[in-house]
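Chemist: Need a 3D model of the sequence below.
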Amino acid sequence: MDSVATVAVQTPMQASRLRTLQALGVFCGFAAGAWLGGAEAPIKIVNAGVSPITVSLIMVAGVFLARWSIPALVRGTSYVRKDVRQAPHLIVWAVLAGCMWAVANTMTIYAIRDVGLSIAFPLWNTNSLLGIFWGFVLFNELHQAGWNRWLGVLGGALAMFGGATLLAFASSTQALAGKATLGVIAALGAGILWGTMYIPYRKAYLTGMNPLSFITFFTVGELATMTFLALSYRGAIPLWHEIVGARTVLFWLMLGGFVWVIGDLFQQYAAKYVGISRGVPLSNTNQLWGLLWGILVFHELQGGSQRVYAQVIGGSILMALGAVAIALSSATGREHSCWQNAAEREGKRYGIEDAYVRASMEGREFEQGQSRRTLIDWLLVSGVTAIFVALAAIARLPHVDIDLRWAAAVSVAMLLLLAGCGIALWRTTRFS
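Modeler: Okay, here's the model as predicted:
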């Protein structure tokens, strides 16, 4: 029985299917970059007097609502339950990843406040370097990849480091006095936490769990950690008063959390199909979307010198080119066989059925049959919708300098990517 199961896992995937899934992973990475970039725009509201810790808590509340309602809408909670029964150990890993995300997200609030959106983005996107490292060390990524793939990955990593250095220098001229160093440290700290967070991601997808299932438990760690941090930092009564006082901006902050979940879901599909050493850098094209939101919509760097513009734009482009070089170093059949070996190892460690692991790697259903949405699913989706409608009814546009025409243009581009990538995922994998 064991020998048969081993052969089943190690049988190479059909070359055409492998190319299709890798192309899908790349598309998901680009879509993730757009939505992760757009999600940070509402954080600019921190300038309106709401403390960063409260901003992060409200945003995580929006994340929590999205991470339960989106899977319920797309596949139904019954599908999530079936998936979790196959790999229950991953619940712990998902909660742990959520805890790390909550801390990192809070650090980004401080980073944006101190050094600005267009500068903070590329700094915390150094998480790509950790993604490459963990992918190679723990999950056999880049094993037997060939020198040209290694050159693309290492060259891209060096380009990203150079871009981050340029942006760190630029931050000292754009931040408030005495705040630049703290902002840079916060952004880099977020990058370290997010880079390490991808270990549970990859463990989950090698052993077969669907991203839609993973995120529902991921958010438990997010909300629990963020609530603890907020209560410890602010205290229950002051925190409640601040939330009530910020009721006119609750919609925008929770919307930011909802948008982040869409980007993160695409990022998880990218990590599943092209690995974290490639998927993470590709999704880090969010730095360019952050640049668009920061400069075009919020008028960051307005009045800055030509040198500052050159550092910020040049650093962002350099980091983006590095990410693209890494992403285009696609996995060969030999490298993918190493991924399969890592999947077999993880499956044996946790007692996961080989056919379940294999089906996940090939982007197909393990058990045939349509998952039906129940009354619970529709109540969940309706309840979340009602919450956002109620918050929108009392919302007010923040008192910050915003170019609404550019905001609309960038938003339309994001929606086009959402539609295109969503259709591609459904046609290719049925969101498996």
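
Chemist: what residues are up against the residue sitting nearest the centre point of the chain?
Modeler: Centroid-nearest residue in the chain: residue 264, 3.2 Å away (criterion: CA atoms, centre = their mean). By CB atoms under 8 Å, 6 or more residues apart in numbering, the contact set of residue 264 is 32, 36, 215. Glycine gets a C-beta too; all of them are placed from N, C-alpha and C.

Chemist: Check the gap between the last one and residue 63 for me.
Modeler: Right, the one you point to is residue 215. 9 Å (CB to CB, to the nearest Å).

Chemist: re the thing from before, need the three-state assignment for the residue nearest to the centre of the chain.
Modeler: Secondary structure assignment for residue 264 (DSSP: H, G, I helix; E, B strand; the rest coil): helix.

Chemist: for residue 80, same thing?
Modeler: With three-state DSSP as the basis, the three-state label of residue 80 is helix.

Chemist: Local confidence estimate at it?
Modeler: Reading off the confidence values, residue 80 has pLDDT 80.

Chemist: Not counting sequence-adjacent ones, nearest residue to it?
Modeler: Excluding the flanking residues, the one nearest residue 80 by CB to CB, 6 or more residues apart in numbering is residue 213, at 4.6 Å.

Chemist: element containing that neighbour, please.
Modeler: Using DSSP states H and E, the element containing residue 213 is helix 211-234.

Chemist: ok, and for that helix, which residues are buried?
Modeler: For helix 211-234, a neighbour-count test (16 or more other CB atoms under 10 Å) marks 211-226, 229-230, 234 as buried.

Chemist: Show me what it is packed up against.
Modeler: When contacts are defined as 3 or more CB pairs under 8 Å, 6 or more residues apart in numbering; DSSP states H and E, helix 211-234 sits against helix 52-74, helix 77-86, helix 90-115, helix 180-206, helix 236-245, helix 250-274.

Chemist: Now tell me what touches the fifth one from outside.
Modeler: Going back to what we said before, that points to helix 236-245. 50-51, 54, 57-58, 230-231, 234, 250.

Chemist: Could I get the contacting residues of residue 42?
Modeler: Going by CB under 8 Å, 6+ apart, residue 42 touches 59, 252-253, 255-256.

Chemist: Neighbour-wise, give me the winner out of those.
Modeler: Neighbour counts for the contacts of residue 42 peak at residue 59, which has 30 neighbours (criterion: other CB atoms under 10 Å).

Chemist: Name the nearest residue to that residue, sequence neighbours excluded.
Modeler: residue 257 (4.2 Å).

Chemist: roughly how far apart are the one you found and residue 298?
Modeler: On the measure of CB to CB, residue 257 and residue 298 end up 19 Å apart.

Chemist: These two: which is more packed in?
Modeler: Just comparing residue 257 and residue 298: by other CB under 10 Å the higher neighbour count belongs to residue 257, 25 against 21.

Chemist: wait, that one sits on residue 57?
Modeler: No. Using CB atoms under 8 Å, residue 257 is not in contact with residue 57; the gap is 10.0 Å.

Chemist: about what we covered before: can you put the contacts of helix 236-245 in a markdown table and add distance to residue 132?
Modeler: Shown next, in a markdown table, are these (distance: CB to CB, whole Å):
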| residue | distance to residue 132 |
| --- | --- |
| 50 | 36 |
| 51 | 35 |
| 54 | 35 |
| 57 | 32 |
| 58 | 33 |
| 230 | 33 |
| 231 | 37 |
| 234 | 37 |
| 250 | 38 |
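
Chemist: Phi and psi next, for residue 235.
Modeler: Recorded main-chain torsions at residue 235 are phi 90, psi 150, according to degrees, to the nearest 10.

Chemist: how many neighbours does it have?
Modeler: The local packing of residue 235 (other CB under 10 Å) involves 11 other residues.

Chemist: Per-residue pLDDT of it, please?
Modeler: Here, the pLDDT recorded for residue 235 equals 88.

Chemist: give me every residue that touches it.
Modeler: Residues near residue 235 by CB under 8 Å, 6+ apart: none.

Chemist: which residues of the stretch 151-300 of the chain score low on pLDDT?
Modeler: 167-179 (pLDDT under 70).

Chemist: do that again at 50, thanks
Modeler: 177 (pLDDT under 50).

Chemist: by how many degrees do the helix or strand hosting residue 416 and helix 250-274 diverge?
Modeler: Residue 416 is part of helix 404-429, with elements assigned from DSSP H and E. Using axes from the mean of the first three to the mean of the last three CA atoms, to 10 degrees, one finds that helix 404-429 and helix 250-274 are set 40 degrees apart in direction.

Chemist: No further queries at this time; thank you.
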